[in-house]
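Visitor: predicted model and sequence follow; I will ask about them next.
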Amino acid sequence: MGRMRGLRCGLGGVLAVWLVVALGGCGGGSAERAGEAAVEQVHGRFRIVPDDYHVPYAGTAEDGRKFFLSDELFGSGAAYVGLFLWKADGTFDEVKVDEVRRPEGVPPGQAASAGADQLVASRLAELGKYVLEPIDVAPFAVDRNGVTFGWVGTEYEGTYSLHIEPGDFIAYYEPWDGLEYDT
């Protein structure tokens, strides 16, 4: 795992997708409870701060919605460009996802740009005049063709985190200020 600004590492693959179950009104297992506890820890919101590492595009669109755009989302053998959108109040609105070719030579489990620059530019253009700035948003998860997209909560040995799916290459922790994340 990498580090950004002296971040904690070590969660590895011990992360659970729980919010999809919770949103579906099903289940009640320990992974779901751990995820709910993680969301409680962020008091319903966490901060995403744009940077020049894994978060180049986060901010406010012309219509007031909050956004996060990434071309580093990946699953088993697939890569995605995902535009995550929240309403102006930070509640989930929608996800726009495009499957693209996973770059050759990238090890499994490692994030890398999909090289879909035209698609990224197109998604940015959809936002109108946008401002890159920190955003405070609620975690969410949705299923698109059997793949989970969103910010999913988990707990491991008493440490709560929120991580991005698919790919689990960004994980935020307390103090939830978006300035530090695990990669």
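Guide: Great, that's in hand.
Visitor: is the residue sitting nearest the centre point of the chain in a bridge, and if so with what?
Guide: In the chain, the centroid-proximal residue (Cα atoms, centre = their mean) is Ile164; its distance is 2.9 Å. On the basis of DSSP bridges, Ile164 is bridged to Trp151.
Visitor: relative to Glu104, how far out is it?
Guide: Ile164 sits 23 Å away from Glu104, going by Cβ to Cβ, to the nearest Å. Bear in mind the C-beta positions are built from the backbone N, C-alpha and C, glycine included.
Visitor: Gly115 now?
Guide: 10 Å.
Visitor: tell me which of the two has more neighbours.
Guide: Gly115 (14 against 5; other Cβ atoms under 10 Å).
Visitor: go ahead and confirm the more buried one touches Pro103.
Guide: Yes: taking Cβ atoms under 8 Å as the definition, Gly115 is a contact partner of Pro103 at 6.0 Å.
Visitor: got the residue ranges for the helices in the protein?
Guide: 19-24, 30-41, 117-126 (DSSP state H).
Visitor: so which elements touch the last one?
Guide: For helix 117-126, the contact count by 3 or more Cβ pairs under 8 Å, 6 or more residues apart in numbering; DSSP states H and E identifies strand 66-74, strand 79-86, strand 92-100 as packing neighbours.
Visitor: which parts of the last one count as buried, going by neighbours?
Guide: Yep, that's strand 92-100 we're talking about. Neighbour counts using 16 or more other Cβ atoms under 10 Å place 92-93, 95, 97-100 of strand 92-100 among the buried residues.
Visitor: could those residues go into a markdown table alongside pLDDT?
Guide: Formatted as a markdown table, the buried residues of strand 92-100 follow (pLDDT from 0 to 100):
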| residue | pLDDT |
| --- | --- |
| Phe92 | 96 |
| Asp93 | 98 |
| Val95 | 96 |
| Val97 | 94 |
| Asp98 | 93 |
| Glu99 | 91 |
| Val100 | 85 |
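Visitor: with respect to Pro175, which of those residues is nearest?
Guide: Nearest to Pro175, judged by Cβ to Cβ, of those is Phe92 at 22.3 Å.
Visitor: state the distance from that closest one to Tyr130.
Guide: 18 Å.
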